[in-house]
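J.: I'd like to go over a predicted model; first the sequence, then the structure.
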Amino acid sequence: MVTPPRAHLFVCANTRAEGSPLGEGCGARGEALYAELKSEVARRGLVTAAWITKTHCLGVCPRAGATVAEYPAGRLHEASAGDAGALLDAAMARDAGPTGPTWDEIDGTLAAMEDLQAKKVIDLARRLSPGLTAEDIKNPHDFPELADPDWHYADGQLTGIQAVRSALSASRRRSGR
Ligand code: FES
């Protein structure tokens, strides 16, 4: 599955026909802005989080700079190559909005669940065999006392929580947040 970008900027690099009443179009100014945005995205390691796409005419045809359409904010900008950094900053700062918990809040909840479940697993193991350590129970097959379905169920739940936490952490890295 492809993770959608946090921001997608469409940069016009269209050149209008000579003598067009709307001027020469964004043309070379758009090409320069597109190139600058691409290198800024690469420099910041945002290749999956910020997508930059070159387009034809967006219907604005500014006298200076080039037209940029910003998604998902739905904004139009007139910008030059020198504006690339600020344009990217603004687009990344606008992403998502207050639509739900932050990555840190989700990870905090999962970390608390993991701690609670890990305690349950070691407590249960020690009821089956006092003296077992947290290291021991990582190798349950070395301890026949742990051949207990309730302990394995609790340990499986712990593994599930850890797997979800690890998957979310990988998604967070991919999204650049
Ligand atoms: S040529 Fe760029 S918006 Fe029209």
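T.: Received it, and whenever you're ready, just let me know what you need.
J.: any idea how far the residue nearest to S169 when sequence neighbours are not counted lies from L128?
T.: Nearest-residue entry for S169: D107, 7.2 Å, with adjacent residues in sequence omitted and distances by CB to CB, 6 or more residues apart in numbering. For the C-beta atoms, the positions are set from N, CA and C on the backbone; glycine is no exception. Counting by CB to CB, to the nearest Å, the separation of D107 from L128 is 31 Å.
J.: Next: P140.
T.: As judged by CB to CB, P140 and L128 stand 10 Å apart.
J.: what sits in contact with each of the two?
T.: With CB atoms under 8 Å, 6 or more residues apart in numbering applied, the overlap between the contact sets of P140 and L128 consists of 146, 151.
J.: Pull the number of nearby residues for A163.
T.: A163 sits with 10 neighbouring residues when counted by other CB atoms under 10 Å.
J.: measure it to G27 for me?
T.: Using CB to CB, which is the criterion applied here, A163 is 51 Å from G27.
J.: Around the ligand, which positions in this structure sit nearby?
T.: Among all residues of the chain, those adjacent to the ligand (criterion: CB under 6 Å from any ligand atom) are 12, 14, 16, 25-26, 57-61, 67.
J.: Show me where the chain has its helices.
T.: Under the criterion DSSP state H, helices of the chain are mapped to 27-43, 84-93, 103-128, 149-175.
J.: Could you list every helix and strand in contact with the shortest one?
T.: It stands for helix 84-93. Based on contacts counted as 3 or more CB pairs under 8 Å, 6 or more residues apart in numbering; DSSP states H and E, the elements that helix 84-93 packs against are strand 7-12, helix 27-43, strand 50-55.
J.: mind running it again at 10 Å?
T.: Using 3 or more CB pairs under 10 Å, 6 or more residues apart in numbering; DSSP states H and E as the contact criterion, the elements in contact with helix 84-93 are strand 7-12, helix 27-43, strand 50-55, strand 66-71, strand 75-79.
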